[in-house]
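In: pasted the sequence and its predicted model underneath.
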Amino acid sequence: MISFIGGYLNISNYLLFPVLGTLTFCIAFISIYGFRASLISFSGLLALVLSFAHTLETLEVYQYALLIGAGGLWYLILSTIWFYINPKAQTEEILTEIFTLTADFLDIRKQLIGEQPNRSDLQVQLLNLQSELIEHHETLREILILSRKSSGKSNYQSRRLLVFGQLIDILETAIANPVNYDKMDDFFEEHPMFKNDFQNIISRLSEQLRNISKNLNKSKQFSSNKILSDYLKSLDLNISKFKNENDVEAYERYLMLQNYLDYQKKQFEKIKKIKWLLGNPVLTSDDFIKNDKLKRFIVSRDYNPKIILRNLSFKSTIFKHSLRLAVAVMLGYAIGLFFDFQNPYWIILTIIVIMRPSYGLTKERSKDRIIGTVIGAVIATGLVFVISGPYVFGGLGVLSIVVAFSMIQKNYKAAATFITLSVILIYGILEPNIISVIKFRVIDTLIGAVISYTAMRWLWPAWSFMEIGDHIKDSVKGNTEFFKSISKFYINKGPIPTSLKINRKEAFLQMSNLSSAFQRMAQEPESKQNHIDDIYQLVVINHSFLASLASLSTFFQNNSTAKASEDFKIISEKINHNLDKACSHLKEINFEDFKQNLVTFKPEPFIFPVNQITNEGAIQLGNESTHKEAHLVWEQLYWLHSLSEKMLKLTFKFSH
């Protein structure tokens with residue numbers, strides 16, 4: 001449809017610009033309906049730009065539009081056939097990527113053991129990697145659950161779902177911090193041998209995950225479990241030397257190390273379970289996850305037309321982006337016509353490829369696009385003097401576009417280099433003066449990149465500080481619901497409720513969104529980074545809170561626990577109260593115009609029952625497993641209460 005309409009845009013310059021601007025806005029605005037819609041939107045924008053390349057000398061407009069449609073249908077048929085030939089390809093690719101990213105995550109966690117001069121930098125890396133992992137989790141979750149819903153139960157899908165569940169648990173356990181960092185730092189400074197031992201174990205776990213990713217369907221080539229098992233036994237023996245119940249400090253250190261070691265053992269058990277599942281064992285119906293539970297993990301997209309009306313406002317990031325893109329496209333094409341460039345639509349092609357709703361990504365893409373285009377042009381110029389002939393140009397052009405598409409997600413600069421190379425070589429078949437093609441390609445890209453950056457910087461900019469408040473609220477809300485689920489499960493006991501896992505998923509997802517939003521904010525001009533230090537504190541507090549929740553969740557789900565004390569219930573209610581108050585403060589904060597509260601925050605008086613945290617209290621409770629539970633639970637509760645008060649103090653500082 002867009003190709004058909006675009007084919008008639010060259011007929012009248014009076015109609016050209018208003019129709020071009022309106023079409024660009026409408027097509028870009030489709031993105032309000034989410035990621036899939038944004039891909040359709042990009043296809044429409046690409047069709048609009050390419051319609052300018054069509055000339056009436058060879059084909060009528062309707063013929064051109066029909067051929068574009070036929071090309072789309074052909075690709076749809078081809079990809080569908082390929083899916084039936086190799087239905088596992090997409091699942092295997094994403095699963096392999098998740099194994100690799102999880103291994104990377106463990107490697108960074110390993111570096112955080114002991115005192116680190118660059119701990120804040122490592123935490124930022126961890127947050128970014130966690131966001132990337134959560135995105136992959138969401139993609140794989142949707143593929144596995146929707147394919148199972150559409151095709152019914154299959155052993156392959158069911159096994160991959162179980163493997164995926166173990167990978168999610170590995171991430172939760174990796175994020176979990178069952179000990180106080182300061183205490184661990186002091187201990188490892190005195191006993192560096194234990195620091196090295198724990199780092200070696202985490203390295204072994206990471207290596208096991210990498211090995212699985214490389215041999216996903218070759219279970220016989222999986223690494224042996226014996227070396228890691230021996231490491232764990234050896235460390236267990238060394239830790240047991242600290243077990244001296246008459247020395248409170250030594251016994252506390254023993255419990256701290258034992259809890260930390262238990263987490264590594266849990267990771268090892270999960271990896272062994274993954275290996276077993278990938279070895280295609282015979283599973284009973286009880287092993288499979290029920291469909292009614294799986295449905296709750298997928299949120300269906302709302303395509304209500306009312307969403308369009310709600311987004312027709314300058315409060316909507318997509319509305320501003322669509323308007324900005326429409327103006328940039330009209331300006332770019334006008335410049336191309338005015339200066340009589342060879343292919344003026346190349347300017348608007350550059351604009352639609354580069355421009356994104358966020359400033360940081362647009363700036364980065366503009367820079368990468370310019371560098372990639374210049375490098376591609378230089379390589380193409382060199383090739384022109386070495387080779388000749390349309391068949392050679394065509395072959396190299398097709399090869400370049402394949403390389404470009406394979407790199408576009410991982411290295412945009414390299415992808416831009418090969419895209420430029422392919423365009424120049426393919427155009428070289430049609431245009432004898434290939435040097436002229438190279439010259440205009442570089443000029444058009446430079447103009448398109450400059451227009452994109454300028455429009456993003458000064459035309460209805462959508463700075464991240466305008467929306468980061470919503471992400472902070474969502475993250476606090478996600479953590480609150482997750483904490484309530486954990487507390488309820490600890491108090492009531494019984495089987496692990498699906499609601500706990502759903503709230504865990506939501507808390508991790510919202511934390512990922514907050515991390516991404518903060519990363520975008522950090523890439524923006526300093527003048528637009530309103531109170532970035534305070535916002536960073538809120539991000540870190542939320543992440544620390546989630547790490548503590550992950551510690552409790554992992555422990556409660558994998559151990560039989562004692563009856564919840566009245567003190568536990570009182571403290572849980574106090575933490576919930578603090579979180580609810582922090583949420584109400586966040587609603588009052590205007591993140592676009594921070595104004596510090598003149599009233600000093602005074603926390604409500606609350607005496608934390610410290611005697612329950614000390615090991616004098618723990619020792620009196622009974623056996624060692626009860627001691628470990630008491631130590632971990634009370635450490636985490638104390639930490640969560642401290643974080644909730646910090647959050648309350650920080651949000652009160654800027655609330656009205």
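Out: Everything's here; your move. Numbers count the residues shown, from 1 in each chain.
In: tell me where the model's unsure across the stretch 151-300 of the chain.
Out: Where the stretch 151-300 of the chain drops to pLDDT under 70, the residues are 151-154, 178-182, 244-246, 283-300.
In: which SSE is the closest residue in space to residue 9 that isn't next to it in sequence in?
Out: Of all residues not flanking residue 9 in the chain, residue 16 sits nearest, at 5.3 Å (CB to CB, 6 or more residues apart in numbering). (Each C-beta comes from the backbone N, C-alpha and C, glycine too.) Assigned by DSSP states H and E, residue 16 belongs to helix 13-29.
In: count the residues that sit near the closest residue to residue 240 other than its chain neighbours.
Out: With sequence-adjacent residues excluded and distances taken as CB to CB, 6+ apart, residue 240 is closest to residue 254, at 7.6 Å. Counted with other CB atoms under 10 Å, the neighbours of residue 254 add up to 23.
In: roughly how far apart are residue 254 and residue 235?
Out: 13 Å (CB to CB, to the nearest Å).
In: residue 502 too?
Out: Using CB to CB, residue 502 is found at 35 Å from residue 235.
In: tell me where the stretch 501-650 of the chain has strands.
Out: Read by DSSP state E, counting those that start in this stretch, the stretch 501-650 of the chain holds no strands at all.
In: flag the shaky bits of it, pLDDT-wise.
Out: Those would be 592-623, if you go by pLDDT under 70 across the stretch 501-650 of the chain.
In: show me how the chain divides into domains.
Out: Annotated domains of the chain cover 91-297, 464-654 [automatic domain parsing].
In: make CSV out of those domains and add distance to residue 46.
Out: Formatted as CSV, those follow (distance: least, CB to CB, whole Å):
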stretch, distance to residue 46
domain 91-297, 23
domain 464-654, 25
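In: circling back to that earlier point, and the helix holding residue 16, average pLDDT?
Out: Mean per-residue pLDDT for helix 13-29: 87.
In: can you list the neighbours in contact with it?
Out: With contact meaning CB atoms under 8 Å, 6 or more residues apart in numbering, helix 13-29 is reached by 2, 5-6, 9-10, 41, 44-45, 48, 308, 311, 318-319, 321-323, 325-327, 329-330, 333-334, 337.
In: in the helix or strand just after it, what counts as buried?
Out: Downstream of helix 13-29, the next assigned helix or strand under DSSP H and E is helix 35-50. Neighbour-count burial for helix 35-50 flags 37-38, 41-42, 44-50 (criterion: 16 or more other CB atoms under 10 Å).
In: redo the residues you listed as TSV? Include pLDDT and distance to residue 365.
Out: Below are the buried residues of helix 35-50 laid out as TSV (pLDDT from 0 to 100; distance: CB to CB, whole Å):
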residue	pLDDT	distance to residue 365
37	90	20
38	90	15
41	93	17
42	90	13
44	92	19
45	92	15
46	89	16
47	89	21
48	89	19
49	87	16
50	85	20
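In: which one of these is nearest to residue 654?
Out: Closest approach between the buried residues of helix 35-50 and residue 654, by CB to CB: residue 38, at 33.0 Å.
In: tell me the contacts of the closest one?
Out: Applying CB under 8 Å, 6+ apart, we find residue 38 in contact with 30-31.
In: quick one: it from residue 484, how far?
Out: According to CB to CB, residue 38 stands 34 Å off from residue 484.
In: what of residue 567?
Out: 18 Å.
In: grab the nearest non-local neighbour of residue 69.
Out: Closest to residue 69 by CB to CB, 6+ apart is residue 3, at 7.8 Å.
In: where does that neighbour fall, secondary structure wise?
Out: Here residue 3 is assigned to helix 2-6, by DSSP H and E.
In: same deal with residue 308?
Out: Residue-wise, residue 308 maps onto helix 306-311 under DSSP H and E.
In: quick one on the thing from earlier: quick one: closest of the domains of the chain to residue 373.
Out: Nearest to residue 373, of all the domains of the chain, is domain 464-654, at 21.9 Å by CB to CB.
In: on that earlier part again, just the buried members of the contacts of helix 13-29?
Out: 2, 6, 9, 41, 44-45, 48, 311, 318-319, 321-323, 325-327, 329-330, 333-334.
In: residue 207: neighbour count?
Out: That count, for residue 207 with other CB under 10 Å as the rule, works out to 16.
In: try residue 645
Out: Counted by other CB under 10 Å, the residues lying close to residue 645 total 18.
In: quick one: it and residue 579 touch, right?
Out: No. Assessed by CB atoms under 8 Å, residue 645 is found out of contact with residue 579, at 10.5 Å.
In: roughly how far apart are residue 466 and residue 533?
Out: 18 Å.
In: more crowded one of the two?
Out: Remark: of residue 466 and residue 533, residue 466 carries more neighbours, 17 against 7, as counted by other CB under 10 Å.
In: quick one: the helices in the stretch 51-200 of the chain, in order.
Out: Using DSSP state H, counting those that start in this stretch, the helices of the stretch 51-200 of the chain run over 61-85, 89-111, 119-151, 155-175, 181-190, 192-214.
In: could I get those as JSON lines with distance to residue 378?
Out: Formatted as JSON lines, the helices of the stretch 51-200 of the chain follow (distance: least, CB to CB, whole Å):
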{"stretch": "helix 61-85", "distance to residue 378": "32"}
{"stretch": "helix 89-111", "distance to residue 378": "33"}
{"stretch": "helix 119-151", "distance to residue 378": "32"}
{"stretch": "helix 155-175", "distance to residue 378": "43"}
{"stretch": "helix 181-190", "distance to residue 378": "50"}
{"stretch": "helix 192-214", "distance to residue 378": "36"}
